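Structure of the sequence below:
(2 chains)
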Amino acid sequence: MSSMYQQFLQSIVPIAPEAILVTFALTVLVLDFFVDKENKNILGWFSLLGIAGAAFATYQMMDAHLMFFAGTFSLDPFSAFFKFIFYIACGLGILVSINYLKAEDINRGEYYALMLLATTGMMLMASAGDLIALYLGLELMALSIYILAGFMRRDNRSNEAAIKYLLLGAFSSGIMLYGMSLLYGLTGTTNLAGILSFLRAADLTNPMVFLAMIMLVVSFGFKVAAVPFHMWVPDVYEGAPTPVTAFMSAGPKVAGFAVLLRVFLYALEPLHVHTTAIIAGLAVLTMAVGNIMALSQTNIKRMLAYSSIAHAGYALVGLAAGGPEGAASVMLYVCIYALMNMGAFGVVIMLRKAGERGEEITDYAGLGKTNKTAAFLMLIFMFSLTGIPPLAGFMGKFFIFKSAVEAGLTWLAVAGVVFSSISAYFYLRVVMVMYMSEPKATIELTTSPSLALALAISATAVIVIGVYPTDLLNFARASIIGIL
Amino acid sequence: MIELNLSQLGFPLLSLMVFLPVLGAFLLLFIRNAAIARLVALAFSIVELGLCLPLLMNFDGSTHHMQFGESMAWISAWNINYRIGVDGISVLFVALTALLTVISIMVSWTAIQDRVKEFMMAMLFLEAAIIGVFVSLDLFLFYIFWEAMLIPMYLLIGIWGGPNRLYAAIKFFLYTLVGSVLMLIAIIAVYFAAGRTFDVLAIMNYKFTYTFQLWAFAAFFMAFAVKVPMFPVHTWLPDAHVEAPTAGSIILAGILIKMGAYGFLRFSLPFFPDATIAWTPAIMTLSVIAIIYGAYMAFAQTDFKKLIAYSSVSHMGFVTLGIFAMNLQGMEGGILQMLNHGVSTGALFLAVGVIYERTHTRLIADYGGIAAKVPVYATFLLIITLSSIGLPGTNGFIGEFTVLLGAFLHYKPYAVIGSLGIILGAGYMLWLYQRIAFGKITNPHNEHLADMNVREVVAALPLVALVFIVGFYPNAAFGVMHASVANLIAHVNAKVQSAPAVAQTLNTLIGN
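As a prediction, the model looks like this:
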């Protein structure tokens, strides 16, 4: 009996962070019955405690480099790096939600439980050493987020967002499974390491290999919102509750890149020459469509939706570059992107007030006079998203373009910087409206300590990483060693 | 071979100069009162100017090595270092920046009433970024400062500018950004080609292949040409100059556009000498076009500020003409002309600001005959006008003369066409002065015009003094830059792989 118990303990240690989050999620669901409607905030803070616990567990195991559960779960610095991003995204997501849920009258405990479960799914994706485990993590994440997107049950746009996301998401999952089954049929294994060793020895002219690869590109492209698989993004981002949009633009996208890196740069590494060409093409398309479509948006959530498409394009440039440097540049980029994007959405949430949503860019008119702090924070996030130094966004882009040049993809880097200059126009339009137009009406901001804390964290991180990226950069580079 | 000599003072003077304004801007965050914000900003800018004293006094003009050097690891994974230092070229611009910032803050004293604190913060950030550009000896660090400067400048034009400020601000931002990002790619390419280093002094000694040089030079050229601005990418300048507040115009015309020409001197020429030789005819031609075209456009302007803006295009044509003449006379003349232009155009924008604050019009037609009402102002404007024309005894004469001398030695037709620009310059500037100051008062609003007050005179005096100091004793500036410029030319000529006949003749010239 005691030996079984010990076995159980030993096997739970590697998945301790995930286990902690699931435990907290279930506890939140139970506690929900005992907490009355006015005090659901407590559940939010309780969930944050869970994230802190999971982060501590990950920190303790950060240097481990082991496989568990028959090669389906890998505990390595690579996954640890991504897990920290998920903790930050989820933590900030909960912080910006706490007041919002009350204001929108959707103050329910399930919300926090779903956030934690979605995060668990992302963590499983980052750690997956097997296609099936990967798929399970992805579905756990996706299903939780479908519900979160439709959390404002009485709002048509929120319902539309959920349905749209669910239908297209299910479709892309289907394509993914089809691609995975083809890979399994070819290689006889769903294990990533097994696929790699098979492909290394295999004849790569088999068209089925490419069919499988293209199906995986399509389905992961959907998850990270690469063009032409981006159609769902503007509507879903606009319709979903803003904190969910913030979380969605950071978490699942980053998780998608974790998987892209592991699958394309590790398991399908022998196909790299071919994947590079396809991914470089996708990157150019994504940067072009994202940035150009963002130019004409009047709704800030739609603008940020197209902006997040464009940023996926920059990260794809790093993926196309490949190699340890390319992978590290993607990791640094998605981390920085998550921070600055969550920050920008935090300010959007601030402008929301009962009745009016404050989602039109013109609603920001004169914010620089009426609320200097909010406007200044938005200014920092907008310049960082544009990629102007000394803010973090610049460091991220620099690393991406540097690895592209190093990989001989100078033309791709040039395309990247050209589209990135186009983006200056729509980001600066927000700054212009805030500082250079007169206020239309008195803007009442919904502030709360939790929202302020979230904004303070992301703004500080954007500035600090912008001035001193060294430690984060070294972390990203070190965590890729031995993986690729 | 240029070495980085560590700071001879025993403390990091240059770092202090870069970060003191940042500290000032940070302190301003906590100040609510506009009057105190002005005082704090002025105090910080004056201390910054004071720091120029030990800098200039301890500067050794006899060596071409980098002085006051500091070096520290920053992003070791990419071999990026915080590496700064000055030579005879950059030290002058650091001093000019500190001086013009003080003057800009003084002229904004009453002109800026809206969001004073934010304005002063933007000014101090701008100063820090510009000084950072001039002292950086690491390409990455340089690019950080180069781009960071866009943020405060964009806000200065966009928030405190004239009626058409939004258009001007975004145009300024996009033009410079598009130019700069291509340079970023070239910087990365240089980094890999030169063996993973951003160290400017190390890259100077690296010989790039000819094809690489042509491409990289073109990418750097995009960034610097937009900033200078050279014809035909000058169109942002009239808009930005006209719409910017007085302080913004002074900084923009006085220092910002010098950064482009400085970039040619510090990076393009020593990194890519073969490409420089190859591109020289095209650049010289663009320069003389800018000289004539800018002057021609200046004649047609009805707006005081726009006229000065176009005159800047013309004057900067002289600067690039001198630099790419690739001889001692031309280059030293070009650098001096940059300083002169900073002084005289800064002073001209100050003059516009002073009068605009009283009349709220920049149309030349709204003035006329004001010399009788505002004698001090008229005298000040006259001195600056003459300096801008290049009258002997003023700084402008020395600069233009040496530039033309250099151009003449390089290729005579350029000098001939360039000298036409001087005649045109005298034409539009004197005509401007005549329309504003002489004759009878045509506009009744000007009957009770108040003359310059003490604050404005104090702000203007250093510039007037510099006009005459450089005019009568140009060696004050030449002496500082001479060793560095001579070394730069020798360096370029030594590095040219197919040493053409022109370069050899130049070598003998420098030997003299």
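
hey, which helix or strand in chain A has the poorest pLDDT?
helix A:2-12 (a mean of 78; mean pLDDT, DSSP states H and E).

Go ahead and confirm A:S173 touches A:L140.
No: in this structure, A:S173 is not within contact of A:L140 by Cβ atoms under 8 Å, at 12.0 Å. C-beta here means a position set from N, CA and C on the backbone, and glycine is covered the same way.

Could you check which of the two has the larger neighbour count?
A:L140 (20 against 17; other Cβ atoms under 10 Å in any protein chain shown).

For the more buried one, give me its contacts.
A:L117, A:A118, A:T120, A:G121, A:L124 (Cβ atoms under 8 Å, 6 or more residues apart in numbering or on different chains).

For those, give me a markdown table that also has secondary structure, neighbour count and pLDDT.
Shown next, in a markdown table, are those (DSSP: H, G, I helix; E, B strand; the rest coil; neighbours: other Cβ atoms under 10 Å in any protein chain shown; pLDDT from 0 to 100):
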| residue | secondary structure | neighbour count | pLDDT |
| --- | --- | --- | --- |
| A:L117 | helix | 25 | 96 |
| A:A118 | helix | 31 | 96 |
| A:T120 | helix | 26 | 96 |
| A:G121 | helix | 26 | 96 |
| A:L124 | helix | 24 | 95 |
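
burial of whichever residue of the stretch 301-450 of chain A sits closest to chain B, as a residue count?
Nearest to chain B in the stretch 301-450 of chain A, going by Cβ to the nearest Cβ, is A:V417, at a distance of 3.6 Å. Using other Cβ under 10 Å, A:V417 is surrounded by 22 other residues.

Please identify which helix or strand holds the nearest residue in space to it that is not next to it in sequence.
Ranked by Cβ to Cβ, 6 or more residues apart in numbering or on different chains and with sequence neighbours excluded, the top spatial neighbour of A:V417 is B:V181, at 3.6 Å. B:V181 is located in helix B:165-193, with elements delineated by DSSP states H and E.

Which SSE is immediately downstream of that helix?
Following helix B:165-193 toward the C-terminus (DSSP H and E): helix B:200-204.

biggest helix in the chain, by residue count?
You didn't say which chain, so I picked chain A. When chain A is parsed with DSSP state H, its longest helix is helix A:156-187.

sorry, should have said chain B
Chain B, longest helix under DSSP H: helix B:328-359.

So which residues make contact with the following helix or strand past it?
Counting by DSSP H and E, the next helix or strand C-terminal to helix B:328-359 is helix B:375-389. Residues outside helix B:375-389 that contact it (Cβ under 8 Å, 6+ apart) are B:311, B:315, B:340, B:343-345, B:347-348, B:351, B:354-355, B:370-371, B:394-396, B:422, B:425-426, B:429-430, B:432-433, B:436-437, B:451-452, B:457, B:460, B:463-464, B:467, B:471.

One more pass at 6 Å, please.
B:344, B:347-348, B:351, B:371, B:394-396, B:425-426, B:429, B:433, B:437, B:451-452, B:460, B:464, B:467 (Cβ atoms under 6 Å, 6 or more residues apart in numbering or on different chains).

In contact with B:P12, which residues?
B:P12 sits next to B:E70 when contact means Cβ under 6 Å, 6+ apart.

can we see that at 10 Å?
Contact partners of B:P12, counting by Cβ atoms under 10 Å, 6 or more residues apart in numbering or on different chains, are B:L6, B:V18, B:F19, B:F68, B:G69, B:E70, B:M72, B:I84.

swap in A:G416?
Each residue near A:G416 by Cβ under 10 Å, 6+ apart is listed here: A:283-284, A:287, A:310, A:313-314, A:316-318, A:387, A:397, A:400-401, A:404, A:409, B:181, B:185.

Secondary structure of it: a helix, I assume?
Yes: the assignment for A:G416 is a helix, going by DSSP: H, G, I helix; E, B strand; the rest coil.

Most proximal residue of the stretch 101-250 of chain A with respect to chain B?
Of all residues in the stretch 101-250 of chain A, the one sitting closest to chain B is A:V227 (21.3 Å; Cβ to the nearest Cβ).

Would you agree B:G421 is in contact with B:V319?
No: taking Cβ atoms under 10 Å as the definition, B:G421 is not a contact partner of B:V319, at 12.0 Å.

More neighbours: those two, which one.
Shown here are B:G421 and B:V319; by other Cβ under 10 Å, B:V319 has more neighbours (29 against 26).

And the more buried one, which helix or strand is it part of?
Here B:V319 is assigned to helix B:304-324, by DSSP H and E.

Return the distance of that helix from the chain's centre.
For helix B:304-324, the separation from the chain centroid amounts to 11 Å (computed by Cα atoms, centre = their mean, to the nearest Å).

do stretch B:181-198 as well
The answer for stretch B:181-198 is 25 Å, by Cα atoms, centre = their mean.
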